[in-house]
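Visitor: no sequence on this one, just coordinates:
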């Protein structure tokens, strides 16, 4: 079988989709963004890797199965130019809008292109207790049994320590930026632990190396969290506005969930309450217990 996976971004979503490589059988091709291709280069199970800039090369193949996990019109339009027998995921419907296949509804019913509309989709997403892996695997006819992520080989890093902290989640989700990382870092250092903020790197491979050079990670729902999960590194993850239930903990994650998660669920605005309602004491105490410190 020839199989094409279309997953361009975001980076953490690309990493968690690599679990499919553990169960799919055949020649697997992957179409991703130019920026995220480094996360897939050399990952076992991928026969051909194409970046979005190279997408014309994908058209020369005929696929038995295409798995499209993107929900944008430009990807949908590109999909219409491909040759394939079976589709899982999003596509353009007869009216020129985005729809999705019946076997992918468990995931896409919770998405921006949900047939129920965004408000209902967010409600369903908040009620959902299945992991991303559970939903995607089930739709493709598999049972998720804890299959692990695939990660590329880390780049060289001289940053080492006990605890790594990813204290910035960027501008897209400003309410992911918990307010008390500085205070948390000081408390661990007072205990004699080596604590480093993860710096910005030119290469994500070096970023992976930074994380793997530490025993533990504390972060929000971010790419570093997925790298820790894929590396088997114990992590404490703070959830302020996104779903903790979609994340498979793999036996290494402790989740700290905001008591006001429903109020800020999947909102991309900023409310200081979202970043301050989880106390320093709660994160510190749960980290001590989870890390056996």
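Guide: Arrived safely. The model shown is predicted, which means the values in this text are computed figures rather than measured ones. Numbers count the residues shown, from 1 in each chain.

Visitor: residues touching residue 121, list them.
Guide: Residue 121 makes contact with 109-112, 114, according to CB atoms under 8 Å, 6 or more residues apart in numbering. Every C-beta, even on glycine, is put in place using the N, C-alpha and C of the backbone.

Visitor: please redo it, this time with the cut-off set to 7 Å
Guide: 109-111, 114 (CB atoms under 7 Å, 6 or more residues apart in numbering).

Visitor: what do you get for residue 93?
Guide: With CB under 7 Å, 6+ apart, residue 93 has these contacts: residue 99.

Visitor: Then the one 10 residues further on?
Guide: By CB under 7 Å, 6+ apart, the contact list for residue 103 reads 88, 139.

Visitor: Would you confirm that it belongs to a strand?
Guide: No - the assignment for residue 103, made by DSSP: H, G, I helix; E, B strand; the rest coil, is helix rather than a strand.

Visitor: Remind me which helix or strand the nearest residue to residue 291 once chain neighbours are set aside belongs to.
Guide: Ranked by CB to CB, 6 or more residues apart in numbering and with sequence neighbours excluded, the top spatial neighbour of residue 291 is residue 216, at 5.0 Å. Per DSSP states H and E: residue 216 is located in strand 214-220.

Visitor: what's downstream of that strand, the next helix or strand?
Guide: Following strand 214-220 in sequence, per DSSP H and E, is helix 223-231.

Visitor: Could you look up the next helix or strand downstream of that following helix?
Guide: Taking DSSP H and E, what comes next after helix 223-231 is strand 234-239.

Visitor: Give me the helices and strands touching that following strand, please.
Guide: Counting contacts by 3 or more CB pairs under 7 Å, 6 or more residues apart in numbering; DSSP states H and E, strand 234-239 packs against strand 214-220, helix 223-231, strand 253-257, helix 280-290.

Visitor: who's in contact with residue 241?
Guide: Residue 241 makes contact with 173, 175-176, 264-267, 274, according to CB under 7 Å, 6+ apart.

Visitor: before we move on, back to that, buried residues, the strand holding residue 216. List them.
Guide: Using 16 or more other CB atoms under 10 Å as the test for burial, strand 214-220 gives 214, 216-220.

Visitor: Please tabulate the residues you listed in a markdown table, including the columns distance to residue 69 and pLDDT.
Guide: Below are these laid out as a markdown table (distance: CB to CB, whole Å; pLDDT from 0 to 100):
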| residue | distance to residue 69 | pLDDT |
| --- | --- | --- |
| 214 | 30 | 98 |
| 216 | 30 | 98 |
| 217 | 25 | 98 |
| 218 | 28 | 98 |
| 219 | 23 | 98 |
| 220 | 22 | 97 |
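
Visitor: can you tell me which of the helices and strands packed on strand 234-239 comes nearest to residue 79?
Guide: For residue 79, the closest of those is helix 223-231, at 25.8 Å, according to CB to CB.

Visitor: The closest one to strand 214-220, inter-axis angle?
Guide: 140 degrees (axes from the mean of the first three to the mean of the last three CA atoms, to 10 degrees).

Visitor: list the helices and strands helix 223-231 packs on?
Guide: Helix 223-231 packs on helix 11-17, helix 204-212, strand 214-220, strand 234-239, going by 3+ CB pairs under 7 Å, 6+ apart.

Visitor: at 6 Å what do you get?
Guide: Applying 3 or more CB pairs under 6 Å, 6 or more residues apart in numbering; DSSP states H and E, we find helix 223-231 packed against helix 11-17, helix 204-212.
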